[in-house]
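J.: Here is a sequence with its predicted model. Questions after.
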Amino acid sequence: SLTAAHCARTLIAASASGNILLRCCVKLLMPALIEYIAKMVPLVNDGSISESHATAINEVWKAFAMFFGSLTEAARTRLLGVLLPTISLLLANSQHSPSPVVAQSIKQLLSYATISPTAFKEAASKLDAPTREHLETSIRRAVGGGPQTAAVQNTVKPQISLRSF
């Protein structure tokens, strides 16, 4: 799976040049990559994912990021319409201690939101309510703006202590 993920990333990176044949390859490759992520979800959730599969998922995220960067704004919204539910599959059971795969998925989610905020908002608004809320909660937790951290920040205020020598 790792070699296949590397090859997929290479094909997707090469398709950014605009070659029609490579774009067609990417179009046919995307469903298989999404299916691979979906098949890895149970292994991520129970913590039994191997290092090679975790690395392969990371390579798939990198490939998707390259493809995302090569698209127009309108096409980015459509791609996020597919990628956001895929990412939400990995985040479904990541309440307590996120695994490295979940952390990388959240990082990828944040990069999509940063690169193209309007496309991200449009795609997120089209998600069903529970999925959208779960993505928002995961982003808040990753950024540190969750309700628990806000309460801690309000109770513990930074102080400056002056010392006299």
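T.: Cool, got the structure. Numbers count the residues shown, from 1 in each chain.
J.: what's the least confident helix or strand in this structure, going by average pLDDT?
T.: Among the helices and strands of the chain, helix 147-155 carries the lowest confidence by mean pLDDT, DSSP states H and E, at a mean of 44.
J.: What helices and strands are in contact with the longest helix seen in the chain?
T.: Counting by DSSP state H, the longest helix found in the chain is helix 20-46. Packing partners of helix 20-46 (3 or more C-beta pairs under 8 Å, 6 or more residues apart in numbering; DSSP states H and E): helix 2-15, helix 51-69, helix 73-91, helix 100-115. Where C-beta positions appear, they are placed from N, C-alpha and C, glycine not excepted.
J.: between those, which gets nearest to Ala123?
T.: Among the helices and strands packed on helix 20-46, the nearest to Ala123 by C-beta to C-beta is helix 73-91 (3.5 Å).
J.: starting at the chain centroid, how far to stretch 80-100?
T.: Relative to its chain's centre, stretch 80-100 lies at 7 Å (C-alpha atoms, centre = their mean, to the nearest Å).
J.: Export only the CA atoms of that stretch, formatted as PDB.
T.: Only the C-alpha atoms of stretch 80-100 are listed here, as PDB (Å, rounded to 0.1, in the frame of the first residue of the first chain):
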ATOM      1  CA  LEU A  80     -13.800  19.200  -0.600                       C
ATOM      2  CA  GLY A  81     -17.400  17.900  -1.000                       C
ATOM      3  CA  VAL A  82     -15.700  14.500  -1.300                       C
ATOM      4  CA  LEU A  83     -12.700  15.000   1.000                       C
ATOM      5  CA  LEU A  84     -14.500  16.400   4.100                       C
ATOM      6  CA  PRO A  85     -16.700  13.400   4.600                       C
ATOM      7  CA  THR A  86     -13.700  11.100   4.100                       C
ATOM      8  CA  ILE A  87     -11.700  13.000   6.700                       C
ATOM      9  CA  SER A  88     -14.700  12.900   9.000                       C
ATOM     10  CA  LEU A  89     -14.700   9.100   8.900                       C
ATOM     11  CA  LEU A  90     -11.300   9.100  10.500                       C
ATOM     12  CA  LEU A  91     -12.300  11.700  13.100                       C
ATOM     13  CA  ALA A  92     -15.500   9.900  14.200                       C
ATOM     14  CA  ASN A  93     -14.000   8.100  17.200                       C
ATOM     15  CA  SER A  94     -11.100  10.500  18.100                       C
ATOM     16  CA  GLN A  95     -12.600  12.000  21.200                       C
ATOM     17  CA  HIS A  96      -9.900  11.300  23.800                       C
ATOM     18  CA  SER A  97      -6.400  10.800  22.600                       C
ATOM     19  CA  PRO A  98      -6.000  11.200  18.800                       C
ATOM     20  CA  SER A  99      -3.600   8.900  17.000                       C
ATOM     21  CA  PRO A 100      -0.900  10.200  14.600                       C
END
